[in-house]
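Trainee: Everything below, folded, please.
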Amino acid sequence: MTSPAFQKIVTDTQQGLDKALSHVSETLRGVRTSRASSTLVDNIRVDYYGTMTPINQMAAVSTPEPRQLVIKPFDVSSITEIQKAIMKSDLGITPQTDGKILRLTMPQLSGEQRQKYAAKVKELVEEARIAMRNVRRDQNKHADTALKAGGLTEDENRKLHDKVQELLKDAEKKLDQVQDKKIAEIMEV
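Mentor: I've put the predicted structure just below:
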């Protein structure tokens, strides 16, 4: 039987680690690969009547071909603002327009670009790793505070530190899998 403080810290640790993992997964969706994906424009915001609005809330985004994205705005008058926002983004793609839709053709990535994007993925994953370690540090502090306050026994505190470390290791394995998968997508020809 474990104390409520023990259970709360384990739950909080798992939630913090899951949050860091889902955040980096979401961020990595916007990193370019050789293939077109509607998620590439998810993080691009457009100044739409004074409000910064995500493209996917202003337009239908589709991938009719493996290397092409088509953006069809719900309001045709916003097409130039969408075009400007895409050109300002770090996608490195100039959209073509016919006045009603935007087409983004994904050029083949050069070896140098692939290395650059792979390095960006590693950088983002390392930031997530740091965030996860911060979760571990914070939860271990909570455990030590609970020990001093009498909410945990010394054995529970030791077990809790071990459990938090175990949860961190599991989350880091998942993080490595996410990184490997994204780098494989980038390196794919």
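Trainee: C-alpha only now, for contacts and for neighbours.
Mentor: OK.
Trainee: how about residue 92, secondary structure?
Mentor: For residue 92, the assignment made with DSSP: H, G, I helix; E, B strand; the rest coil gives coil.
Trainee: mind listing what it touches?
Mentor: Not one residue lies near residue 92 by CA atoms under 8 Å, 6 or more residues apart in numbering.
Trainee: Pull up the gap between it and residue 117, please.
Mentor: Counting by CA to CA, to the nearest Å, the gap from residue 92 to residue 117 is 12 Å.
Trainee: Test my guess that residue 143 contacts residue 157.
Mentor: Yes: Residue 143 is within contact range of residue 157, at 6.1 Å (criterion: CA atoms under 8 Å).
Trainee: Spit out the residues that contact those two alike.
Mentor: By CA under 8 Å, 6+ apart, residue 143 and residue 157 have these common neighbours: residue 6.
Trainee: quick one: buried residues of stretch 138-147?
Mentor: 139-140, 142-144, 146-147 (16 or more other CA atoms under 10 Å).
Trainee: What lies in contact with it?
Mentor: Here stretch 138-147 makes contact (CA under 8 Å, 6+ apart) with 5-6, 9, 12-13, 152-154, 157, 160-161, 164.
Trainee: go again using 10 Å as the cut-off
Mentor: Residues lying outside stretch 138-147 but in contact with it, judged by CA atoms under 10 Å, 6 or more residues apart in numbering, are 5-6, 8-10, 12-13, 16, 132-137, 148-158, 160-162, 164-165.
Trainee: Just the buried ones among the residues you listed, please.
Mentor: Neighbour-count burial (16+ other CA under 10 Å) applied to the contacts of stretch 138-147 gives 5-6, 9-10, 13, 16, 132-133, 135-137, 151-153, 156-157, 160-161, 164-165.
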